[in-house]
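Trainee: Would you be able to build a 3D model of this:
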Amino acid sequence: MDNRTNLDDYLAGLGISDADDLAPLPPAPEVGAPAAPPLDAGHEDPRAVLERFLRGLTARIDPALTVSIREGEDALEAEIGGENAPRLAGRDGRTLGAIEVLAYTVLAKQAGRSDLRVRVDVGGFRRRQAEGLTRLAERLAVQVAKSGEPHELQPMPAAERRVIHIALKEHPDVTTESVGEGAARRLVIKPRHG
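Mentor: So this is what the prediction gives:
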């Protein structure tokens, strides 16, 4: 196994570097489309950077994989599709999480946008995960409302906690709160008083 520790070395090992043009830039925006925000000198368009990185990565894994990028409310959202796309999620979404971290790092470095969130989904994995978490939240909300006792979930990543917070945001009988620090941060569903 290679003992490289520098992110630039890892990216170069994947064939991705500052000078690498793995995929052509997306076409110019359509007439009437909103203008892209001005770029800082020396930085590229974040959407183009993310698309080039993910296309380069997926081309090396499986050339049949597809990549689409869209600008969401608070993040750039990428979908990797294709017959073998779900395999990229890895066990419990760990590989997908690593892809997101790499994508965010590349975006921060090449586009100068460390403020921009990146969400990557592969074969609908995140969507199915969010649907399951929403169903869990609804079942637990009924349980908490009936018992009057709070329910503390196991530690989970921020994105998963966010799904549950949003699912129960308008619930008339319960409220949610995140407690703990770092990797031990977890969500508590509590009865809504008053």
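Trainee: tell me the contacts of Arg192?
Mentor: His171, Pro172, Asp173, Val174, Thr175 (C-beta atoms under 8 Å, 6 or more residues apart in numbering). (Each C-beta comes from the backbone N, C-alpha and C, glycine too.)
Trainee: Can you tell me which of those residues are buried?
Mentor: Buried subset of these (neighbour count, 16 or more other C-beta atoms under 10 Å): His171, Val174, Thr175.
Trainee: The nearest residue to the first one once chain neighbours are set aside - how many residues pack around it?
Mentor: With C-beta to C-beta, 6 or more residues apart in numbering as the measure, Ala141 is the residue that lies nearest to His171, at 5.4 Å, once sequence neighbours are left out. A total of 23 residues lie near Ala141 under the criterion other C-beta atoms under 10 Å.
Trainee: repeat for the one 4 residues further on
Mentor: Under the neighbour criterion other C-beta under 10 Å, Ala145 is assigned a count of 15.
Trainee: which residues does it contact?
Mentor: Asp173, Val174, Pro191.
Trainee: Would you check that the last one makes contact with Gly148?
Mentor: Looking back up the chat, that one is Pro191. Yes. Counting by C-beta atoms under 8 Å, Pro191 does reach Gly148; the two are 5.3 Å apart.
Trainee: which intervals of the chain have sub-threshold pLDDT?
Mentor: Across the chain, the ranges flagged by pLDDT under 70 are 1-43, 194.
Trainee: follow-up on the earlier one: between Pro191 and Gly148, tell me which one has more neighbours.
Mentor: Pro191 (16 against 10).
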